[in-house]
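Chemist: coords below, sequence missing:
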């Protein structure tokens, strides 16, 4: 198989793979995609724009800044997270538009409703090594409150 | 599409079972067959909801082995999986096939045996219905998802979180009151006189939700026999008809516009109403997915029974209990009756039919019997939604 045929075989529909996205997180970078059609930002990466569904996507880096939409303090964890508990999953609406799910680095005893709406910034990442059902390790962003 | 009738119903005791899933489903199926007054061999296909049988008993293809257990092979037998909405999508699919004319009579339902997994591993496997790449490493749990939704509800409608906790607690108090009266419920004769303070003072699972804001892990099965509506009177004097169904899909939490207004649920409910030619004001009773107290409030608003942000006060005022605007979860719901996830949708249909036959447990029965009822079943974090509208007249 040579030339054009080989090229066709290797043509992917994925502009930014999940592995690349997670590698970015581990390097302190929040990566995403900009849609040339509607201008919307997609994050986490998908093969189509999360806003308009079109496919003209280009890799970009987000600021990692946003607003805390909601959170909770997990007291009863699922298997594999016993040693983390209590911990704080959160949703963040990024400055660029899309929401991302991550962990919030904050004292769990002081995590009150007033946190919602606060400005947050990505300050690192958390990698869960996975169990036998996870298909390997996965990484999520960790946010801190901008005081 | 032809109209579809429910002519037989079956339901095991919910709770902790020593029997296998195959035995549990067989018992619900045989009860439904006997209730319809037909024979197993009269059914042409099996549609079975089951969410996690691989983790519970090392069993995939449970529908096939259920068919085998009942000596129904080689008819088509298919498992439907939509997490906690598995049985609802199985029944919806069954209704489609009968409606299309391909089959005249089928068996549908669901089964689950979650309690054997224990809380830690059950929490892990239930969380598999979250978006694994993004929500997996976060360590999100289902109580966690709904706790986040509760905090958002508090923020959206400017209800202080302590006030919202009180209002949410009324859902648990009401559903436990009904569950305690239901002999098939996991909490039969238990927690029937729960107080708001008990719910609030129970221990936190995921702030602001406490243990008594949550439904339990459960085992159980439920099944229904469906046939073409025009044939129904051959088998029973009081068939209940499936008038409309809807289904919707969501995605990762991060792609939702607002956790308190799940588009998947709004669309699914509207699809069902449109299909049935009815609106919320026509519905007399609801069996809806109260996996957590806040979930009942979000469901009521998304389906159009209350305005946005109004279900909390309405519930605290008794508008969702007997004598109120719309009685909700007279069976006890998931909180009081138990939640064997793959069976729940079939259980909801079972209890609506019981209400319409006037056979609900004493003190849970609505008088006069309801004309129209509706189920709402949720799988995952708003990933799979299904609604089924039933009525006493075609």
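Modeler: Happy to help now that I have it. For clarity, every value in this text was computed on a predicted model and none was experimentally measured.

Chemist: skip the chain neighbours and tell me the closest residue to residue B:300.
Modeler: Nearest residue to residue B:300 in three dimensions, chain neighbours excluded: residue B:311, at 4.2 Å (Cβ to Cβ, 6 or more residues apart in numbering or on different chains). Bear in mind the C-beta positions are built from the backbone N, C-alpha and C, glycine included.

Chemist: an error on my part: the question was meant for residue B:148.
Modeler: residue A:70 (4.4 Å).

Chemist: give me every residue that touches the one you found.
Modeler: A:90-91, A:116, B:148-149, B:151-152, B:155, B:259 (Cβ atoms under 8 Å, 6 or more residues apart in numbering or on different chains).

Chemist: now with 7 Å?
Modeler: A:90-91, A:116, B:148, B:151-152, B:259 (Cβ atoms under 7 Å, 6 or more residues apart in numbering or on different chains).

Chemist: what residues does chain B put near chain A?
Modeler: B:120-121, B:123-124, B:127, B:133-141, B:143-144, B:147-148, B:151-152, B:154-155, B:161, B:204-207, B:253-255, B:259 (Cβ under 7 Å from any Cβ of the partner chain).

Chemist: which residues belonging to the helix or strand encompassing the residue nearest to residue B:148 are considered buried?
Modeler: Following DSSP states H and E, one finds residue A:70 within strand A:65-71. Using 16 or more other Cβ atoms under 10 Å in any protein chain shown as the test for burial, strand A:65-71 gives A:65-66, A:68-71.

Chemist: likewise for stretch B:92-112?
Modeler: B:92-95, B:97-99, B:103, B:105-112.

Chemist: then stretch B:41-56?
Modeler: Quick answer for stretch B:41-56 (16+ other Cβ under 10 Å): B:42-53, B:55-56.

Chemist: that stretch: how far from the chain's middle?
Modeler: Mean-position distance between stretch B:41-56 and its chain equals 16 Å (Cα atoms, centre = their mean, to the nearest Å).

Chemist: on the three-state scheme, residue 13 is what?
Modeler: All of this refers to chain A. coil (DSSP: H, G, I helix; E, B strand; the rest coil).

Chemist: wait, it sits on residue A:47?
Modeler: Yes - at 4.9 Å, residue A:13 counts as touching residue A:47 under the criterion of Cβ atoms under 7 Å.

Chemist: which one's more surrounded, those two?
Modeler: Using other Cβ atoms under 10 Å in any protein chain shown, the more surrounded residue of residue A:13 and residue A:47 is residue A:47, with 13 against 7.

Chemist: ramachandran coordinates for the more buried one?
Modeler: As for residue A:47, its main-chain torsions (degrees, to the nearest 10) stand at phi -70, psi -10.

Chemist: for it, give me the pLDDT.
Modeler: Note for residue A:47: predicted pLDDT of 95.

Chemist: my read: it touches residue A:17, true?
Modeler: No - assessed by Cβ under 7 Å, residue A:47 is found out of contact with residue A:17, at 10.1 Å.

Chemist: name the element residue B:190 belongs to?
Modeler: Counting by DSSP H and E, residue B:190 is part of no helix or strand.

Chemist: list the contacts for it?
Modeler: residue B:180.

Chemist: how about 10 Å then?
Modeler: By Cβ atoms under 10 Å, 6 or more residues apart in numbering or on different chains, residue B:190 lies in contact with B:176, B:179-180, B:336.

Chemist: tell me where the chain has strands.
Modeler: Chain wasn't specified; assuming chain A. A:30-35, A:41-42, A:57-62, A:65-71, A:89-94, A:99-104, A:119-128, A:138-145 (DSSP state E).

Chemist: right idea, wrong chain: chain B
Modeler: Using DSSP E, strands in chain B cover B:4-11, B:46-49, B:77-80, B:105-113, B:204-206, B:209-210, B:219-228, B:240-249, B:285-287, B:372-379, B:384-391.

Chemist: what subset of the residues of chain B next to chain A is buried?
Modeler: Buried among the residues of chain B next to chain A by 16+ other Cβ under 10 Å: B:121, B:123-124, B:127, B:133-141, B:143-144, B:147-148, B:151-152, B:154-155, B:161, B:204-207, B:253-255, B:259.

Chemist: could you work out the most separated pair of the buried residues of stretch B:41-56?
Modeler: B:42 and B:55 (33.8 Å; Cβ to Cβ).

Chemist: walk me through the domains of chain A.
Modeler: Segmentation of chain A into domains, based on automatic domain parsing, reads A:1-62, A:63-147.

Chemist: okay, the ones you listed in JSON lines with distance to residue B:318 next?
Modeler: Formatted as JSON lines, these follow (distance: least, Cβ to Cβ, whole Å):
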{"stretch": "domain A:1-62", "distance to residue B:318": "42"}
{"stretch": "domain A:63-147", "distance to residue B:318": "27"}
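
Chemist: most packed of these?
Modeler: domain A:63-147 (a mean of 18; mean count of other Cβ atoms under 10 Å in any protein chain shown).

Chemist: all helices of the stretch 251-394 of chain B, in order?
Modeler: B:263-276, B:293-302, B:311-316, B:333-337, B:344-357 (DSSP state H, counting those that start in this stretch).

Chemist: same question, the stretch 101-250 of chain B
Modeler: Using DSSP H, counting those that start in this stretch, helices in the stretch 101-250 of chain B cover B:118-126, B:132-135, B:142-156, B:161-179, B:196-201.
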